[in-house]
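[1] Give me the fold of what follows.
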Amino acid sequence: MTTSLPIERYGLIGNTRTTSLIADTGEIDWLCAPDFDGPAVFAALLGTPEHGTWRLAPAAAPQHGSERGAGVSVARRYVRDSLVLESEWRTATGAVRVTDFMPLTAGTTQVIRIVEGLVGEVAMVSELRARPGYGRVVPWVHEEGGRIVAEGGGVAVWLDAPCRQREIDGDVVGHFVVAAGTSAALALSLVPAHEAPPRVPDPYAALLEALGFWREFASRCAYRGPHREAVVRSALTLKALTYAPSGAIVAAPTTSLPEEIGGERNWDYRHAWVRDSAGTLAALIGAGYREEAVAWRRWLLRAVGLGPLRIMYGLRGEHDLPERDLYWLPGYAGSAPVRVGNGAAQQVQLDVYGELIETLHLAHKAGIAHCEDTAALHRRLIAQVEAKWQQPDAGIWEGRGALRHYVHSKVMLWVAVDRTARLAEDGALPLDPAPLRELAARIHTEVCEKGFDPVRNTFTQSYGSTDLDAALLLIPAVGFLPGDDPRVLGTIDAVREALSTPDGFVYRYPTKGTTVGADGLAGDEGAFLLCSFWLVDALALSGRIEEARPLYARLLGVRNDLGLASEEYNPGAGRLLGNFPQTYTHEAIIRSALLLQRVTARGAQDVEIAAIEEITPALVRTGSGR
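    A predicted model of the protein is given here:
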């Protein structure tokens, strides 16, 4: 099995076009260029250092994949309210601080690493192993104009460093010493190989600019309640996963980090899911951010066009996201295959109508007016809902088994119709609300009749099924039924008993181990962190706030030392699983904090059924925090 660092030992830097993952051992093991979905130049995350990495660390520090060496220690943190990462190394001869960030206005993909001497002297080493094409291409390394460049696979990787670099078998290696009170900067620039050399950056000016950008964004967070640090860090992470040129939001900046070590549930998340994006926008709107909602709405209009709503699109609105295996990569900790593209893009998942229309409704509540084009799109979407609501679908979890009538999908179709009726009643849409109210009632009645098991007093995963599904926890959060309804209370208890650990970590649905389950896949997976936050919300809305608060704090505890979390968690091993960092998890951190604050302030019985949407206007009224 390939040796891989635990996922939680990585930090994130980014430029709102792409990101880098940096291990606490000093390696950048993941960097796609020029965009999130571009081919990785450093792909050691999904293989070995031979697949591309850039190590910058004290020469005495252990190599990649090793335990931290005796006599060498490192502590890291983000510079407050930013995505600028600081790592302080202490060795037997002294101490240094390494500051890592990606400039936002460089016009190309750049990574800058500044080394500052704190105490004594420290011998440093830079080992650059660029491997374009997801680790497949060994580049031609040469000097040009006194600068070192590695070219291959259509990419030119330029390194500007404070000392002479030498080429060793396609790697670029340099050694230098940093003394107390001195500093040295290294800058990596990635451009298409046919373009002119990039300009040599000014590392210190770029650092001030990056700090200013992230801190200005953080200052606009309107949330002032408990766990504000976690909310701000999650907002910064979500901003980092926004593709600025189009307004799209990636589900995660990685591909194929496994849901089970050694398993095959490995998917490419570097695309824009409507569902994930809608949840992210709801969280950001709730925290007082409006510009991101406007940008995403523009992306949505361009992406959807006049056709039916799809579950995901490319960053620039592409519809074709073919899935293929990168057979030369062994995968994270031997978890193969490594996939790029995503075959689920072709699935029919009817719940996305609800998530999307709910977000448009939230935007309206926050004072972001419907434009004429958005209204036209909304009318087309609701017409599709009217035509499709009685059809089966693949469900929220993108199983690759048979289509079914998923209860969560039907509930979200009800949300789509209900929120459209509200907008029509508010005069924001030129539609007659009466037929919409009638349709919403029909969907509601059918779900309660066909999706509820009166013997066990619980809703079920799909019509006629005995299985449960964590998505059922959303029933009170979206206002389908109040939190104190006996059917909701029964469902919460049933889901906790069947899908939750004693500590409140919730699994999505039953899996069958080596046997292929109802989702069409073999293998198991970790607890799904989003679902665990859904349990927090359901408990709060059902009046069990004293259970919800400690569970929320416990879930925050699984984040790594930098406040970052992945998609899933293995409670037994205490390890993060799945793609990292995950928008789903970080938007849930924000939304649950908002809900807990409101329930605590007013009491569960006073919270309107659609609790989360009611947070937004209150926050907007109190100001953005600028």
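[2] what residue ranges in the protein are flagged as low confidence?
    The chain contains residues with pLDDT under 70 at 1-2, 64-70, 512-522, 603-626.
[3] Only alpha carbons, please: show stretch 443-463 as PDB.
    What follows is stretch 443-463, C-alpha atoms only, in PDB (Å, rounded to 0.1, in the frame of the first residue of the first chain):
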ATOM      1  CA  ILE A 443     -46.800  16.400  -3.200                       C
ATOM      2  CA  HIS A 444     -47.100  16.800   0.600                       C
ATOM      3  CA  THR A 445     -50.000  14.400   0.800                       C
ATOM      4  CA  GLU A 446     -48.300  11.800  -1.300                       C
ATOM      5  CA  VAL A 447     -45.000  11.900   0.700                       C
ATOM      6  CA  CYS A 448     -46.800  11.500   4.000                       C
ATOM      7  CA  GLU A 449     -48.800   8.600   2.600                       C
ATOM      8  CA  LYS A 450     -46.200   6.700   0.600                       C
ATOM      9  CA  GLY A 451     -42.900   7.700   2.300                       C
ATOM     10  CA  PHE A 452     -43.900   7.200   5.900                       C
ATOM     11  CA  ASP A 453     -43.900   3.900   7.900                       C
ATOM     12  CA  PRO A 454     -46.600   4.300  10.600                       C
ATOM     13  CA  VAL A 455     -45.600   1.100  12.300                       C
ATOM     14  CA  ARG A 456     -42.000   2.300  13.000                       C
ATOM     15  CA  ASN A 457     -43.200   6.000  13.100                       C
ATOM     16  CA  THR A 458     -40.500   7.100  10.600                       C
ATOM     17  CA  PHE A 459     -40.100   8.400   7.100                       C
ATOM     18  CA  THR A 460     -38.100   6.000   4.900                       C
ATOM     19  CA  GLN A 461     -35.400   6.400   2.300                       C
ATOM     20  CA  SER A 462     -37.800   5.800  -0.600                       C
ATOM     21  CA  TYR A 463     -41.400   4.700  -1.200                       C
END
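[4] In that stretch, which residues are buried?
    443-444, 446-447, 451-453, 458-463 (16 or more other CB atoms under 10 Å). Placement of C-beta: from N, CA and C, glycine included.
[5] So what touches that stretch?
    Defining contact as CB atoms under 8 Å, 6 or more residues apart in numbering, one finds that stretch 443-463 is touched by 389, 395, 404-408, 410-411, 413-414, 417, 464, 466-469, 472, 475, 480, 486-487, 490-491, 493-495, 509.
[6] Also stretch 136-156?
    So stretch 136-156 is contacted by 33, 39, 41, 128, 130-133, 157-161, 165, 167, 170-172, 190-195, 197, 200, 328 (CB under 8 Å, 6+ apart).
[7] In strands, which of those residues fall?
    Counting by DSSP state E, the contacts of stretch 136-156 place 41, 128, 157-160, 167, 171-172, 190-192 in strands.
[8] re earlier: out of the contacts of stretch 136-156, which are buried?
    The buried subset of the contacts of stretch 136-156 (16+ other CB under 10 Å) comprises 33, 39, 41, 128, 130-133, 157-161, 165, 170-172, 190-191, 193.
[9] How many residues are close by residue 119?
    14 (other CB atoms under 10 Å).
[10] Helices of the stretch 451-600 of the chain, start to end?
    Using DSSP state H, counting those that start in this stretch, the helices assigned to the stretch 451-600 of the chain run over residues 474-477, 486-499, 529-541, 545-556, 583-602.
[11] closest one to residue 19 among the ones you listed?
    Closest approach to residue 19 among the helices of the stretch 451-600 of the chain (CB to CB): helix 583-602, 12.2 Å.
[12] ok, back up a step: which one of the ones in strands among the contacts of stretch 136-156 is nearest residue 355?
    Using CB to CB, the ones in strands among the contacts of stretch 136-156 come closest to residue 355 at residue 41, 33.8 Å.
[13] so that closest one sits right up against residue 129, yeah?
    No: using CB atoms under 8 Å, residue 41 makes no contact with residue 129, being 9.7 Å away.
[14] That concludes my questions; thank you for your assistance.
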